[in-house]
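Novice: Model the structure of this input:
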Amino acid sequence: MIEAASITKSFGPVKVLRGIDFRAADREVISIVGASGAGKSTLLQILGSLSRPDSGKVLIDGTDIFSLSSDALADFRNRRIGFVFQFHHLLPEFTALENVMIPALIARKSSSEARRQATELLESLGLGHRTEHKPSELSGGEQQRVAIARAVINRPAVIFADEPSGNLDSNTKRDIHQLFFELRDRFGQTVIIVTHDRDLAVMSDRMLEMRDGLFCN
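Specialist: Take a look at the predicted model:
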């Protein structure tokens, strides 16, 4: 599902990624761990098309993503990639339901279809009673579940999650991490998770460790 070859990235004189090769199979859940500054989040942003590498190639489901035009890449990202971040980035003026609907509307689904899909997703995540609540009225775990629903509403092939449980208590962390497996089983997605929490990382199908811009052997 994902194939990256010889990925390099520098910020000024600092070499953050030093020639990364990476492969992820269809429906695989992979956790990437490592100390701060190891390059985990930079790699995730490149794999997810949010940042361009200095050199190297990234293919997602056979598509060379950085060969696409800006408009085509934005469309591919909206339809084929989902993102979940440590800080949920929900729009505060919108309800949980409206936040989840946004990617579907960008993908040009009708308002009624987007609302139906968002409602079903929120209900399946135990938030059917919170659809009309705004983010400030939700707990941290509830906000992250809304963010996850938003990430999967377009049924993307891949979900990238950067410290998705970093701000949550230990019980909620485990629930959120388990949720990625449930979504994988339900929708058949490949999931790549960056985390500092090794207890959670070992739940994944495969755990990779980064150090100084490379994967450890």
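Novice: Next, the residue nearest the centre of the chain: secondary structure please.
Specialist: Nearest to the mean C-alpha position of the chain, by Cα atoms, centre = their mean, lies Phe160 at 2.4 Å. The three-state assignment at Phe160 reads strand, by DSSP: H, G, I helix; E, B strand; the rest coil.
Novice: what's the longest helix in the chain?
Specialist: helix 170-187 (DSSP state H).
Novice: Return the list of helices and strands in contact with the helix or strand following that helix.
Specialist: Scanning forward in sequence from helix 170-187 by DSSP states H and E, the next helix or strand is strand 190-194. Applying 3 or more Cβ pairs under 8 Å, 6 or more residues apart in numbering; DSSP states H and E, one finds that strand 190-194 contacts strand 29-33, helix 40-47, strand 158-162, helix 170-187. Every residue, glycine included, has its C-beta placed from N, CA and C.
Novice: okay, now the closest residue to Lys109 other than its chain neighbours: neighbour count?
Specialist: Nearest residue to Lys109 in three dimensions, chain neighbours excluded: Gln117, at 7.6 Å (Cβ to Cβ, 6 or more residues apart in numbering). A count of nearby residues for Gln117, using other Cβ atoms under 10 Å, gives 19.
Novice: CA atoms only for the strand or helix carrying Gln117, dumped as CSV, please.
Specialist: Element membership of Gln117 [criterion: DSSP H and E] is helix 111-124. In CSV, the C-alpha atoms belonging to helix 111-124 read as follows (Å, rounded to 0.1, in the frame of the first residue of the first chain):
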residue,chain,number,x,y,z
SER,A,111,-25.0,17.5,2.2
SER,A,112,-27.5,14.8,2.9
GLU,A,113,-25.1,12.0,2.1
ALA,A,114,-22.3,13.6,4.2
ARG,A,115,-24.7,14.1,7.1
ARG,A,116,-25.8,10.5,6.9
GLN,A,117,-22.3,9.1,6.8
ALA,A,118,-21.1,11.4,9.6
THR,A,119,-24.0,10.5,11.8
GLU,A,120,-23.4,6.7,11.2
LEU,A,121,-19.7,7.1,12.0
LEU,A,122,-20.3,9.0,15.2
GLU,A,123,-22.9,6.6,16.4
SER,A,124,-20.5,3.7,15.7
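Novice: just checking, what packs against that helix?
Specialist: helix 96-106, helix 140-152.
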